[in-house]
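1. Dropping the sequence and predicted coords here.
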Amino acid sequence: HFFGEILSTSVSALMISSFVLGAMLVFISTLTRDAKRAIEGYQKSRQKKKGESLKEDLNRGMDDFLRGNLTKAKAHFVEVLKRDPSQIDLYFRLSEIALKEGNEEEALHWLERARLIDMRNVDILLREAELYQRMKRFDEAIRTLNRAIGMDDTNLKALRSLREIYLDSRRWEEAIR
């Protein structure tokens, strides 16, 4: 019986056709599985190559940074950030390079970009406040330190920096508090 119709055939033809149909189904399912694995392997190898390329650029940048060639290091770090903007340490390095070049606004820019990536990172806020304090923008430094203390009220570095700002600006009540 085949879809409601009766087809007459020999037993040997039925067995051979069943065997061929089964072999075709196994072949197609195996081919599909292998194609899926090949695609996944290709994607993993591309990600691995991308990661190696990023790591290579990062190593070149760190090498240039340690040698004191800040412009080349900056170019490598910016290239890495274009491909992977989640590298928070690179924002710190770029901020440090900008400070060494004497460009405090650019250093602040890199720290603000890092804060956009990771808003819960207290270290970013501490560096930002330190930079504000260096730029004599005490009100912004106080606001930034208060945000850092709001995230981690046991952070002694933030509390100490806030006290120093209050002492320097002769705000004795706030310094005591």
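-> On my side now, so go ahead.
2. Could you give the backbone dihedrals for Glu5?
-> Main-chain dihedrals, Glu5, degrees, to the nearest 10: phi -110, psi 150.
3. in the protein, what spans have low per-residue confidence?
-> Low-confidence regions of the chain, defined here as pLDDT under 70, cover residues 1-2, 175-176.
4. Which residue ranges of it form helices?
-> Assigned by DSSP state H, the helices in the chain fall at 11-67, 70-83, 88-100, 104-117, 122-134, 138-151, 156-168, 172-176.
5. Most tightly packed of those helices?
-> Using mean count of other Cβ atoms under 10 Å, the stretch among these with the largest mean neighbour count is helix 122-134, at a mean of 21. In this view, the C-beta of every residue, glycine as well, is placed from N, C-alpha and C.
6. what about that one, distance to the chain center?
-> For helix 122-134, the distance from its own C-alpha centre to the chain's C-alpha centre is 21 Å (Cα atoms, centre = their mean, to the nearest Å).
7. ok, residues contacting it?
-> Helix 122-134 is touched from outside by 88, 91-92, 95, 99, 104, 107-108, 111-112, 114-115, 118, 138, 140-141, 144-145, 147-148, 151-152, 155, 157-158, 161, 164-165, with contacts defined as Cβ atoms under 8 Å, 6 or more residues apart in numbering.
8. Extract the C-alpha set from that helix and format it as CSV.
-> Coordinates of the C-alpha atoms in helix 122-134 are reproduced here as CSV (Å, rounded to 0.1, in the frame of the first residue of the first chain):
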residue,chain,number,x,y,z
VAL,A,122,35.4,52.1,40.4
ASP,A,123,39.0,52.3,39.0
ILE,A,124,37.8,54.4,36.1
LEU,A,125,36.1,56.8,38.4
LEU,A,126,39.2,57.1,40.6
ARG,A,127,41.5,57.8,37.6
GLU,A,128,38.9,60.3,36.3
ALA,A,129,38.8,62.1,39.7
GLU,A,130,42.6,62.1,39.9
LEU,A,131,42.7,63.8,36.4
TYR,A,132,40.0,66.3,37.4
GLN,A,133,42.0,67.1,40.5
ARG,A,134,45.2,67.5,38.4
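9. That one versus helix 88-100: what angle between them?
-> Between helix 122-134 and helix 88-100, the angle comes out at 10 degrees (axes from the mean of the first three to the mean of the last three Cα atoms, to 10 degrees).
10. gap between the spatially most central residue of the chain and Arg170?
-> For the chain, the residue sitting closest to the mean C-alpha position, by Cα atoms, centre = their mean, is Ser86 at 2.1 Å. When Cβ to Cβ, to the nearest Å is the yardstick, Ser86 and Arg170 sit 42 Å from each other.
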